[in-house]
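J.: Here is a sequence with its predicted model. Questions after.
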Amino acid sequence: MTDTASKKGRRRTVWMPLLVLITLAACASAGYSYWRLQQQVSGEQEQAPPPPAAPIFYALDTFTVNLGDADRVLYIGVTLRLEEEETRQRLSEFLPEVRSRLLLLFSRQDANVLATEDGKLKLIEAIKSTLATPLVSGKKPQVVSDVLYTAFILR
C-alpha cells in the first residue's frame, strides 16, 4: 500500500467514531429537550385552576302588582342567582315571606322611575337588600349575588 492510501484509511477510521459520537450527542440532546417539554406541559395542567362551581338559580313565579303612584300595573318575573345551596333551600322554605317582601317592595315603586334603565338597576339593588334581611332570627342573611329579570311589563 502506498502512503496516501494508508492516510485515507486512517482518516476514515477517525471520522466514523466521531460521526457516531456526534449523532449520539444530538439524539441525547433531543430526547432531553422532549422530556423537559413534557414535564412543563404536565406541570401546567396540574396548576390549572379548578372550573367554577355551577351557578345556583332560584326562579320565582311572576308578580302582578298595582303601583302606588298611579293607575299602573307592573308584571315582573325574577330569577335569583345565589351563592349557596343552603340559601336556596331557606328561600324555598320561607317562600310566602319572600313573596310578601317582594310584593310590598314592588307596590312602592314609581312607574316613571321603573321606565328607565337606571330605575330597573336600582330595583335590582332594592331586591337584593330586601332579601338580605335574615328570614329566621339568629341565622345568617341570604346572599343574592344577582337578580335576573325574566319578565318586565309596565302598563
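T.: Alright, I've got the coordinates.

J.: In three-state terms, label Leu148 for me.
T.: On the three-state scheme (DSSP: H, G, I helix; E, B strand; the rest coil), Leu148 is labelled strand.

J.: Which secondary structure state does Ala54 sit in?
T.: coil.

J.: Lys139 now?
T.: Lys139 ends up coil, using three-state DSSP.

J.: Which residue lies closest in space to it, excluding its sequence neighbours?
T.: Arg90 (7.4 Å; Cβ to Cβ, 6 or more residues apart in numbering). Just so you know, the C-beta spots here come from the backbone N, C-alpha and C atoms, and that holds for glycine as well.

J.: Run through the neighbouring helices and strands of the host helix or strand of the one you found.
T.: For Arg90, the host element (DSSP states H and E) is helix 85-93. Other elements packing on helix 85-93 under the criterion 3 or more Cβ pairs under 8 Å, 6 or more residues apart in numbering; DSSP states H and E are strand 56-59, strand 73-82.

J.: Ranking those by mean neighbour count, which comes first?
T.: Comparing those by mean neighbour count (mean count of other Cβ atoms under 10 Å), strand 73-82 ranks first with a mean of 17.

J.: all strands for the chain, in order.
T.: 56-59, 63-66, 73-82, 144-154 (DSSP state E).

J.: Redo those strands as a markdown table? Include distance to Leu105.
T.: Shown next, in a markdown table, are the strands of the chain (distance: least, Cβ to Cβ, whole Å):
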| stretch | distance to Leu105 |
| --- | --- |
| strand 56-59 | 17 |
| strand 63-66 | 9 |
| strand 73-82 | 10 |
| strand 144-154 | 11 |
